[in-house]
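1. got a predicted model here, sequence first, then my questions.
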Amino acid sequence: MTVQLNHTIVAARDKHTSARFLADLLGLQVSPQYGPFIPVAIPNGVTLDFMDHPGSGSGGIAPQHYAFLVSEDDFDAIFGRIRAAGLTYWADPAHRRAGEVNRNDGGRGVYFDDPNGHSLEILTRPYGSGLTG
């Protein structure tokens, strides 16, 4: 059996702004609107479809976590854009180690928030893949 994640919907206060935020940081393109969605295609074939949340005016978006496995070179480029944008970043998902990069499993990783409060993460090694630190 072959099972692959194809797409997921990301709730947003402003789908255009949110899609552009992610695409710009990751160095990706925003695709043309498809129905109510603004898609951002990830190179592994998964699409994040940003959609305006009906309760966004009242702040009713439940924060989600989205992690992106990237190469060392891509990490450097994305992390540079995170810092250039003046975004706060953390080494841990609980947001206790501000301004730090984690070195889990011999790689690097950081967490940062998108405009909707979703927790985004870039990492160079999958957790549990080997070395710890």
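-> Done, it's in. Numbers count the residues shown, from 1 in each chain.

2. ok, what's across the strand from the most centrally placed residue in the chain?
-> Closest to where the C-alpha atoms of the chain average out (CA atoms, centre = their mean) is residue 120, at 3.6 Å. According to DSSP bridges, the partner residues bridging residue 120 are residue 66, residue 112.

3. the chain should start at 25 in everything you say after this.
-> Shifting the count to begin at 25 puts that one at residue 144.

4. quick check: the gap between it and residue 116.
-> As judged by CB to CB, to the nearest Å, residue 144 and residue 116 stand 14 Å apart. Where you see a C-beta, it was placed from the backbone N, CA and C, and this is true even at glycine.

5. likewise for residue 133?
-> Using CB to CB, one obtains 9 Å as the distance from residue 133 to residue 116.

6. now residue 93
-> Counting by CB to CB, the separation of residue 93 from residue 116 is 18 Å.

7. neighbour count: these two, which is higher?
-> Between residue 93 and residue 116, residue 93 has the larger neighbour count (other CB atoms under 10 Å), namely 18 against 14.

8. is it true that residue 135 touches residue 111?
-> No. Applying CB atoms under 8 Å as the test, residue 135 and residue 111 come out as separate, 10.4 Å apart.

9. please say which of the two ends up with more neighbours.
-> When residue 135 is set against residue 111 and neighbours are counted by other CB under 10 Å, the residue ahead is residue 135, at 22 against 15.

10. OK, contacts around the more buried one?
-> Residue 135 makes contacts with 113-117, 119, 143-145, as judged by CB atoms under 8 Å, 6 or more residues apart in numbering.

11. so which of those residues comes closest to residue 84?
-> Nearest to residue 84 among these is residue 143, at 17.2 Å by CB to CB.
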